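Novice: got a predicted structure here, sequence first:
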Protein chains: 2
Amino acid sequence: MNIGEAAKASGVSAKMIRYYESTGLIPAAGRTGSGYRVYSDTEVQMLRFIRRSRDLGFPVEKIEELLALWRARSRQSGDVKRLALEQINGLERKISEMQSMMETLQHLADACCGDHRPDCPILADLGNGPSPVNKTGPAKKTGLPSSGRVTSASPRHTAT
Amino acid sequence: MNIGEAAKASGVSAKMIRYYESTGLIPAAGRTGSGYRVYSDTEVQMLRFIRRSRDLGFPVEKIEELLALWRARSRQSGDVKRLALEQINGLERKISEMQSMMETLQHLADACCGDHRPDCPILADLGNGPSPVNKTGPAKKTGLPSSGRVTSASPRHTAT
DNA sequence: CTTGACCTTACCATGATGGGAAGGACTATC
DNA sequence: GATAGTCCTTCCCATCATGGTAAGGTCAAG
């Protein structure tokens, strides 16, 4: 099977298959005499594993761990479950952050008459809203893509 | 006010202020004789507007529109409300996608005994899960950051 | 043998952000 | 006034997962 067929069969684009190989997420595929990559059913299954994991929102970093467990004969299901629960937690956090954004926006939108007049509580809030607090300095992490993906599989900036 | 003070006052990092200037989101700041950028209260308010908008998950692209409306004396609050509602819709979509990921993971985790044994329904699902369908080819948009951001304000890869 | 579909590598772009280097400017202390 | 330390400037690099494109080689069908 060449890379195009493996891509179709796994749902991972040829581009990404090469990328995963280059980053070491998957081992280098075999080659034909002329340099074409060759894939076995086992490798396609691994690619499908990766795609499915990405669909569930796992960062590639975690997929590396999942793959290791998948391959390990001596694995303990508890390790896998832990990764899954971590991922669930991460998703929960992101969801609640987005929900609070949504609520704020909903309040603002409710307060806005939304007609031809220029007075707008939404703009007023954006201009005067909560003070900066920290952010600039010690501000740590956590921020959302704004528009970004989120859908399911491969895509990039959904809303963007 | 120089850039550092403006950063503290607005909650937008000096780095990002320069970046916003370079992309044209905000007009070029005035300069002192020696080249330091100078900011007025009005400009700081604009920066705060931007930060607040980012906190609510607006992509910079949309913030450009919001800023234009903010400045326009002839604006109609309906236009602003429309942007807010669009943003709410986008957030809703992302949230429901993440929720379905979460549900799937929860089902899998529930089915996994999570002990020392190697048998794991999570790995089994990842390896055999739903077929690729399309994805590789015509697959269009919408995909989530995996781990990435999503939190609240500026940050990047939260989970990463 | 030509055509077209596919493969190869290599490089560039994305979006919003941080990091760092190299050098100039300002401020406070000695 | 010199020196130290903090701030500013610009420029370049990295991120993360993905797509695009370009230039060239390969293969299979006609």
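Specialist: Here it is on my side, so go on. Numbering: from 1, shown residues only, chains lettered A, B, ... in the order given.
Novice: how about the residue in chain A that DNA strand C sits nearest to, secondary structure?
Specialist: Residue nearest to DNA strand C within chain A: A:Gly4 (2.2 Å; CB to the nearest atom of the strand). Every residue, glycine included, has its C-beta placed from N, CA and C. Following DSSP: H, G, I helix; E, B strand; the rest coil, A:Gly4 is assigned to helix.
Novice: pLDDT weak spots in chain A?
Specialist: A:129-160 (pLDDT under 70).
Novice: try 90
Specialist: Applying pLDDT under 90 to chain A picks out residues A:73, A:113-115, A:127-160.
Novice: ranges for the helices of it?
Specialist: A:3-10, A:14-23, A:41-55, A:60-71, A:77-111, A:121-128 (DSSP state H).
Novice: circling back to that earlier point, for the closest residue to the residue of chain A closest to DNA strand C other than its chain neighbours, which residues are in contact?
Specialist: Of all residues not flanking A:Gly4 in the chain, A:Ala14 sits nearest, at 5.9 Å (CB to CB, 6 or more residues apart in numbering or on different chains). By CB atoms under 8 Å, 6 or more residues apart in numbering or on different chains, the contact list for A:Ala14 reads A:Ile3, A:Gly4, A:Ala6, A:Ala7, B:Thr136.
Novice: now the residues you listed in JSON lines, with neighbour count?
Specialist: Converted to JSON lines, the contacts of A:Ala14 look like this (neighbours: other CB atoms under 10 Å in any protein chain shown):
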{"residue": "A:Ile3", "neighbour count": "19"}
{"residue": "A:Gly4", "neighbour count": "14"}
{"residue": "A:Ala6", "neighbour count": "23"}
{"residue": "A:Ala7", "neighbour count": "24"}
{"residue": "B:Thr136", "neighbour count": "23"}
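Novice: nearest to DNA strand D, of these?
Specialist: Among the contacts of A:Ala14, and counting by CB to the nearest atom of the strand, the member closest to DNA strand D is B:Thr136, at 7.6 Å.
Novice: circling back to that earlier point, any chance of the contacts of A:Ala14 in JSON lines, plus distance to B:Trp70?
Specialist: Putting the contacts of A:Ala14 into JSON lines (distance: CB to CB, whole Å) gives the following:
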{"residue": "A:Ile3", "distance to B:Trp70": "50"}
{"residue": "A:Gly4", "distance to B:Trp70": "50"}
{"residue": "A:Ala6", "distance to B:Trp70": "51"}
{"residue": "A:Ala7", "distance to B:Trp70": "46"}
{"residue": "B:Thr136", "distance to B:Trp70": "43"}
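Novice: related to what we said a few turns ago, of the helices of chain A, which is nearest B:Ser53?
Specialist: Among the helices of chain A, the nearest to B:Ser53 by CB to CB is helix A:121-128 (5.6 Å).
Novice: separation between the residue most central in space within chain A and B:Cys112?
Specialist: By CA atoms, centre = their mean, chain A has its centre lying nearest to A:Gly57, at 4.6 Å. A:Gly57 sits 18 Å away from B:Cys112 when distances are taken as CB to CB, to the nearest Å.
Novice: make a markdown table out of the helices of chain A and add distance to B:Asp79.
Specialist: As requested, those are exported to a markdown table (distance: least, CB to CB, whole Å):
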| stretch | distance to B:Asp79 |
| --- | --- |
| helix A:3-10 | 43 |
| helix A:14-23 | 39 |
| helix A:41-55 | 36 |
| helix A:60-71 | 40 |
| helix A:77-111 | 12 |
| helix A:121-128 | 10 |
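Novice: nearest residue to the most far-flung residue of chain A relative to its centre other than its sequence neighbours?
Specialist: Seen from the C-alpha centroid of chain A, the residue lying at the greatest distance (CA atoms, centre = their mean) is A:Arg117, 40.6 Å away. Closest residue to A:Arg117 apart from its sequence neighbours, by CB to CB, 6+ apart: B:Ser77 at 5.7 Å.
Novice: now do the contacts for the one you found.
Specialist: By CB under 8 Å, 6+ apart, the contact list for B:Ser77 reads A:Cys112, A:Cys113, A:Gly114, A:Asp115, A:His116, A:Arg117, A:Pro118, A:Asp119, A:Cys120, A:Ile122, A:Leu123.
Novice: make a markdown table from those and add distance to B:Arg31 to it.
Specialist: As requested, those are exported to a markdown table (distance: CB to CB, whole Å):
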| residue | distance to B:Arg31 |
| --- | --- |
| A:Cys112 | 38 |
| A:Cys113 | 41 |
| A:Gly114 | 40 |
| A:Asp115 | 42 |
| A:His116 | 40 |
| A:Arg117 | 38 |
| A:Pro118 | 33 |
| A:Asp119 | 36 |
| A:Cys120 | 33 |
| A:Ile122 | 33 |
| A:Leu123 | 29 |
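Novice: which among the contacts of A:Ala14 gets closest to B:Thr42?
Specialist: Among those, and counting by CB to CB, the member closest to B:Thr42 is B:Thr136, at 50.5 Å.
Novice: for burial, what's the neighbour tally of A:Glu21?
Specialist: 15 (other CB atoms under 10 Å in any protein chain shown).
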